[in-house]
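**Student:** Could you look at this predicted model? Sequence included:
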Amino acid sequence: MKTAEEFWDWFRMNHHPYLFVNEVENAERERLFDLFIEQLHAYCEGLYFEMGGNPKEDQELIISAEGIEKRFHKVEELVDKAPVIPGWKVIAFKQPKGEGFKTEYNGIVFDPENIYFMPLENSKEPQLIGIKVFVAGFEEETKNDFIAGTYLMLDGLIGEKSVTLDIDYLDIKGMPENEEGIVGIKQLAAYIMWKKSQHS
């Protein structure tokens, strides 16, 4: 296994092509990404990454544990040891994207503007945060796709770390006939903050 320092030594020597990775042919982009993931997995199997950004600004390199809590410390270690590399901003975990984003997964579009949730209560453990998410077009046959896409959308809405550490239970359904008690998913961060304040 590589150390964090060894990974960054490699990236420091090879980072220039990645600054233009979104402008090259697909085959070359895949080769560069395959090489990067090979080096990243040599440090810690199961970590992933995203890179990109405004071409006129520093490019973002996001290191992600894909929501697996036991790997969080490896993400934090790697990012903490990142050297200053011109043109790059290294970020731990997927961060909230702000307004106006959509997530697509296996042909299903998840738009926070049109997704809702209902808080769930557990009388035995009232501090736990459970939610039922309502997505238009939901089908039981493709439930796994809806679950995966919803988690990706939530990463962009409240951040990867909050999704993993704050949400204890999540269920997904189609839009209900009676919309009483449901809340726009964009209010989820505020709900989590309120819920945690009740049991701090």
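**Tutor:** It's in.
**Student:** in the protein, which spans are strands?
**Tutor:** Shown for the chain, the strands assigned by DSSP state E span residues 48-52, 59-64, 88-92, 103-105, 108-110, 116-120, 130-134, 169-173, 183-184.
**Student:** Export these as TSV, with columns for distance to Tyr18 and mean neighbour count.
**Tutor:** C-beta: built from backbone N, CA, C; applies to glycine. Below are those laid out as TSV (distance: least, CB to CB, whole Å; neighbours: other CB atoms under 10 Å):
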stretch	distance to Tyr18	mean neighbour count
strand 48-52	6	14
strand 59-64	7	20
strand 88-92	8	18
strand 103-105	23	16
strand 108-110	28	18
strand 116-120	37	18
strand 130-134	35	20
strand 169-173	34	15
strand 183-184	37	14
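**Student:** what's near enough to touch Ile68?
**Tutor:** 46, 164 (CB atoms under 8 Å, 6 or more residues apart in numbering).
**Student:** what's the residue closest to the geometric middle of this protein?
**Tutor:** Asp155 (3.5 Å; CA atoms, centre = their mean).
**Student:** which residue packs closest to that residue, ignoring adjacent ones?
**Tutor:** Of all residues not flanking Asp155 in the chain, Lys94 sits nearest, at 4.4 Å (CB to CB, 6 or more residues apart in numbering).
**Student:** The residue nearest to Arg12 when sequence neighbours are not counted: neighbouring residues, count only.
**Tutor:** Residue nearest to Arg12 in three dimensions, not counting chain neighbours: Ile85, with 5.8 Å by CB to CB, 6+ apart. Residues near Ile85, counting by other CB atoms under 10 Å, number 17.
**Student:** Low-confidence ranges, the chain, go.
**Tutor:** Within the chain, no stretch has pLDDT under 70.
**Student:** how about the helices in it?
**Tutor:** Taking DSSP state H as the criterion, the chain contains helices spanning 4-14, 26-43, 72-80, 143-158, 160-166, 188-198.
**Student:** Quick one: work out the angle between the first one and helix 26-43.
**Tutor:** Between the axis of helix 4-14 and that of helix 26-43 there is an angle of 160 degrees, by axes from the mean of the first three to the mean of the last three CA atoms, to 10 degrees.
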